[in-house]
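Novice: Please find the sequence and the predicted model below.
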Amino acid sequence: MKGLSKPCVLIVVENLPVPLDRRVWQESCALRDAGYDVVVICPQMRGYTQPEEKLDGIQIYRHWISEEAGGFAGFFREYASALWGEMRLAWKVWRRHRFKLIHLCNPPDLLFLVAWPFKVLGVRVIYDVHDLWPEMFEAKFSRRGLFYWAVRKAERLTYACADVVLATNESVRRVALRRGKKPPERVFLVRTAPKITGLDAVSDETLKKGRTHLAGYIGVMGDADGVHYLMEAADHLVNRLGRKDIQFLFMGTGPEYERLLQLRDKLGLQEYVDLPGRVSNEFLFTALKTINLGLSGDPKNSYNDGCTMNKVLEYMAFGKAQVMFDLEEGRASADEAALYVGENSAVKLAEAIQELLDDPARRERMGWIGAERLKTQLNWGRSVEQLEQAYAECLADIRRF
């Protein structure tokens, strides 16, 4: 398909800006390489604040967004401001580029409101399910109710709007078939998988601050990501078990970042836990080369069970063993490359961290398994094939239209 002229595609993502959102950026680049004219609408946040720019041949428009939501009121402000920005920019893109396909990346499942007017004009809609939004809502607020069922309705309307669906894993695919009522031939498995870059980075032992081991985390720091479990596990290891030979490096930012800083200081872990915030790719690759163990704190619940976590795959790419709670899709990705903790307990997580740090031979074997699994079974090339097939289906619809 490379080199052939194809229509313009508009990708709309609210959760993160590009190129920071690695899945969306990889999809954008893959579509560009397949001959599509790619335009992306995303929020202004996390250091990416230019309203318009062109990167690597991809046109990006960014809109103002109120904040990263932390409660019902925050959600309303975030989604209202984002929808306004997305709708305004979508019409701007329509006037300038006349896109034929619109690619919606959740969460939230409100982007059908942006797509419907263009669907009437013959534009085909691709629904890229990054997260199961109803499960995400329930995990965040620990209850169901009127708002939960409103979220379920929004999900249903998004599926109804979509011509094809991209599922990140088998759990999401099952939901698309069952709740979304989409025919199997219209659901394509496009796994989240990092392009394996930075493997030639050189480790930096100074990150260990003179200690024997370095345990690392990379990812978002929101209330659903469970980084507080990792902080409490570090507290148990350092202050309860007296493990002064472990340094922790938690990379990333998000709504919980400031609270995590406060928790670290409250627990007296300033010397043992580094929280550098958002880091460059160079720093990230160096850190992933240096760490002895990858960490995930995402608690077990219906939402996290259905998520494929980027950090899990990144640890695998760099050949690092990892510890996580026993999540369905986490196990499906890592298999024997991880040690699984069966209950949402910081103490149990600490015990698993200690177990692997004290067994270097086991860590090395698990790291090798993860790297081979990513190269042979979960690599991005396979997902690109599915992505191109999904788009080919939509192109056939356009020709019939």
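Specialist: Structure received. Numbers count the residues shown, from 1 in each chain.

Novice: Ends of stretch 164-174, what's the gap?
Specialist: Using C-alpha to C-alpha, to the nearest Å, one end of stretch 164-174 lies 14 Å from the other.

Novice: Number the chain from 753, please
Specialist: Yes, from this point I'll number from 753; that puts the last item at stretch 916-926.

Novice: For that stretch, give the mean pLDDT please.
Specialist: Averaged across stretch 916-926, pLDDT comes to 95.

Novice: Could you check how far the nearest residue to residue 852 once chain neighbours are set aside is from residue 874?
Specialist: Excluding the flanking residues, the one nearest residue 852 by C-beta to C-beta, 6 or more residues apart in numbering is residue 759, at 3.6 Å. Where C-beta positions appear, they are placed from N, C-alpha and C, glycine not excepted. Here residue 759 is placed at a distance of 11 Å from residue 874 (C-beta to C-beta, to the nearest Å).

Novice: tell me, what's touching these two both at once?
Specialist: Shared between the contact lists of residue 759 and residue 874 (criterion: C-beta atoms under 8 Å, 6 or more residues apart in numbering) are residues 852, 1150.

Novice: between those two, which one's more packed in?
Specialist: residue 759 (18 against 10; other C-beta atoms under 10 Å).

Novice: any idea of the pLDDT on the more buried one?
Specialist: 93.

Novice: element containing the residue nearest to residue 971 when sequence neighbours are not counted?
Specialist: Nearest non-adjacent residue to residue 971, counting by C-beta to C-beta, 6+ apart: residue 1063, 4.5 Å away. Assigned by DSSP states H and E, residue 1063 falls within helix 1062-1069.

Novice: helices or strands up against the helix or strand following that helix?
Specialist: Per DSSP H and E, the first helix or strand lying C-terminal to helix 1062-1069 is strand 1074-1077. When contacts are defined as 3 or more C-beta pairs under 8 Å, 6 or more residues apart in numbering; DSSP states H and E, strand 1074-1077 packs onto strand 1045-1047, helix 1062-1069, helix 1080-1086, strand 1090-1093, helix 1098-1109.

Novice: possible to save those as a markdown table with distance to residue 772?
Specialist: Formatted as a markdown table, the helices and strands packed on strand 1074-1077 follow (distance: least, C-beta to C-beta, whole Å):
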| stretch | distance to residue 772 |
| --- | --- |
| strand 1045-1047 | 20 |
| helix 1062-1069 | 11 |
| helix 1080-1086 | 21 |
| strand 1090-1093 | 25 |
| helix 1098-1109 | 27 |
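
Novice: among these, which is nearest residue 836?
Specialist: In terms of C-beta to C-beta, the element of those nearest to residue 836 is helix 1062-1069, at 28.7 Å.

Novice: helix, strand or coil for the nearest residue to residue 1022 once chain neighbours are set aside?
Specialist: Distance criterion C-beta to C-beta, 6+ apart; nearest residue to residue 1022, sequence neighbours excluded, is residue 1016 at 6.5 Å. With DSSP: H, G, I helix; E, B strand; the rest coil as the basis, residue 1016 sits in helix.

Novice: can you tell me which residues contact residue 1016?
Specialist: 983, 1022, 1025, 1027.

Novice: Okay, and which of the residues you listed map to strands?
Specialist: 1025, 1027 (DSSP state E).
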